[in-house]
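A.B. asks: Output the structure for:
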Amino acid sequence: MPHPRLVRMPTTPSPGPAHRDADALNAEIRAFLVARRGRALSSEERAEYEELRTRWVEAVRARYDTAA
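C.D. replies: Here you go, the predicted model:
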């Protein structure tokens, strides 16, 4: 009797909405920091950066939760 064909699952997540959100947030964070290169962030800018970073972390986690 022939063995059933094994299907390999991809090791990287598919580019779903969470993937695009994470990529967009990453680009937004980079642009934010490049615009302020060479100086310390103000307390308001630091808060904005932390908010962007928190949203990015959530999007990355969602990407891998969706892939699992």
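A.B. asks: How far off centre is the lengthiest helix in the chain?
C.D. replies: In terms of residue count, the longest helix belonging to the chain (DSSP state H) is helix 43-67. Distance of helix 43-67 from its chain centroid, counting by CA atoms, centre = their mean, to the nearest Å, is 7 Å.
A.B. asks: other SSEs contacting it?
C.D. replies: helix 17-34 (3 or more CB pairs under 8 Å, 6 or more residues apart in numbering; DSSP states H and E). Heads up, the C-betas are built off the backbone N, CA and C, glycines and all.
A.B. asks: So which elements touch the helix it packs on?
C.D. replies: Using 3+ CB pairs under 8 Å, 6+ apart, helix 17-34 is in contact with helix 43-67.
A.B. asks: Please identify the buried residues of the helix it packs on?
C.D. replies: 52, 55, 56, 59, 60, 62, 63 (16 or more other CB atoms under 10 Å).
A.B. asks: angle of that helix against helix 17-34?
C.D. replies: Between the axes of helix 43-67 and helix 17-34, defined by axes from the mean of the first three to the mean of the last three CA atoms, to 10 degrees, the angle is 160 degrees.
A.B. asks: hmm, back to that, redo the buried residues of helix 43-67 as a markdown table? Include distance to residue 46 and pLDDT.
C.D. replies: Shown next, in a markdown table, are these (distance: CB to CB, whole Å; pLDDT from 0 to 100):
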| residue | distance to residue 46 | pLDDT |
| --- | --- | --- |
| 52 | 11 | 97 |
| 55 | 15 | 96 |
| 56 | 15 | 96 |
| 59 | 20 | 94 |
| 60 | 21 | 93 |
| 62 | 25 | 91 |
| 63 | 26 | 85 |
